[in-house]
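> give me coordinates for this.
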Amino acid sequence: MSEKVVVIYSGGMDSYTVLNKAIRSGHDVYALSFNYGQRHVKELEVAAQVCERLNITHKIVDISAINQLIGGSSLTDDIDVPEGHYEEESMKSTIVPNRNMILISLAVGYAVSIKASKVFYGAHSGDHAIYPDCRPEFVKKMDDVCRIANYDAVEIVSPYLNNTKIDILTDGLEMGLDYSQTWTCYNGRQHACGKCGACQERLEAFALNKATDPISYE
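All right, here's what the predicted structure looks like:
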């Protein structure tokens, strides 16, 4: 019998690759997406379409009410999304306070309720400079806590924690994944902006893999 796991699936290219990696590893995958009030809510529409095509169980949970408590991010508030690379200081405005701790905690609760043994999420080394909740020390501590927080231990798995987005795309392309089924841009418009940190890192990954990004840009 396949091991049951939960994958935190945003609809972006990193979590899309993690989702497919978990499926191809033989796991019984339950995808979990969150509406936390992000302006790029388009990613959730993409996530739903992918899960329907893959015929896997998928829940989208509305937790947007938490923005009464955790404001100040350009992803959720009326603040312009900065342009430039992830390593630039301005990108700190895209931090949503405590986001991954909240999302992982909810995913672990879901995992316990359906008797899943692991929660996967797509942290990678390209996020380490800006996002503390994507760094190895955070993942290690969350894993420690989630193994003892309930009667049933849940393992936190970040398969690309020490890899770059370039490496993630390389792995995905080798799996034959179609990245037109992903949304990365922090601006939730019809086409990707090509200028925010998320877009720039994505475009860089495709360029260094000598591949063409299949989505359209403004």
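
> what is the least confident helix or strand in the protein?
Scoring the helices and strands of the chain by mean pLDDT, DSSP states H and E places helix 197-208 at the bottom, with a mean of 92.

> what ranges do the helices span in the chain?
Using DSSP state H, the helices found in the chain span residues 13-24, 42-54, 99-114, 136-148, 165-174, 197-208.

> give me whichever of those helices is most buried.
Among those, judged by mean count of other CB atoms under 10 Å, the one packed with the most neighbours on average is helix 13-24 (a mean of 23). Bear in mind the C-beta positions are built from the backbone N, C-alpha and C, glycine included.

> report the rounded mean pLDDT for that helix.
Model confidence over helix 13-24, given as mean pLDDT, is 97.

> so which of the helices of the chain is nearest Gln190?
helix 42-54 (8.6 Å; CB to CB).

> what helices or strands is the closest one leaning on?
If contacts are counted by 3 or more CB pairs under 8 Å, 6 or more residues apart in numbering; DSSP states H and E, helix 42-54 sits against helix 13-24, strand 28-35, strand 57-62.

> any chance of the helices of the chain in JSON lines, with distance to Ala123 too?
Supplementary listing: the helices of the chain in JSON lines, determined by distance: least, CB to CB, whole Å:
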{"stretch": "helix 13-24", "distance to Ala123": "8"}
{"stretch": "helix 42-54", "distance to Ala123": "16"}
{"stretch": "helix 99-114", "distance to Ala123": "7"}
{"stretch": "helix 136-148", "distance to Ala123": "6"}
{"stretch": "helix 165-174", "distance to Ala123": "11"}
{"stretch": "helix 197-208", "distance to Ala123": "14"}
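
> for Glu155, find the nearest of those.
Taking CB to CB as the criterion, helix 136-148 is the member of those that comes nearest to Glu155, at 6.3 Å.

> quick one: contacts of the closest one?
Defining contact as CB atoms under 8 Å, 6 or more residues apart in numbering, one finds that helix 136-148 is touched by 100-101, 104, 108, 119, 123, 128, 132, 153-156, 158, 161-162.

> which of those sits closest to Tyr9?
If you rank these by distance to Tyr9 using CB to CB, Val119 comes first, at 11.2 Å.

> for the contacts of helix 136-148, name the two members farthest from one another.
His128 and Ala153 (26.3 Å).

> what about those two, which has more around it?
Of the pair His128 and Ala153, His128 is the one with more neighbours under other CB atoms under 10 Å, namely 18 against 14.

> low-confidence regions, this protein specifically.
Low-confidence segments of the chain, defined by pLDDT under 70: 39-40, 70-96, 126-129.

> ok, now with 80
Scanning the chain for pLDDT under 80 picks out 1, 37-40, 67-98, 126-131, 188.

> residues contacting Ile56?
Ile23, Val29, Tyr30, Ala31.

> most surrounded residue in these?
Of all the contacts of Ile56, the highest neighbour tally under other CB under 10 Å goes to Val29, namely 27 neighbours.

> if we can go back for a sec, of all the contacts of helix 136-148, which comes closest to Ser15?
For the contacts of helix 136-148, the minimum distance to Ser15 (CB to CB) is 9.9 Å, reached by Ala123.

> and the closest residue in space to the closest one that isn't next to it in sequence, how far is that from Ile8?
Spatially, and ignoring its direct neighbours in sequence, Ala123 is nearest to Cys134 (3.9 Å; CB to CB, 6 or more residues apart in numbering). Between Cys134 and Ile8 the computed distance is 12 Å (CB to CB, to the nearest Å).
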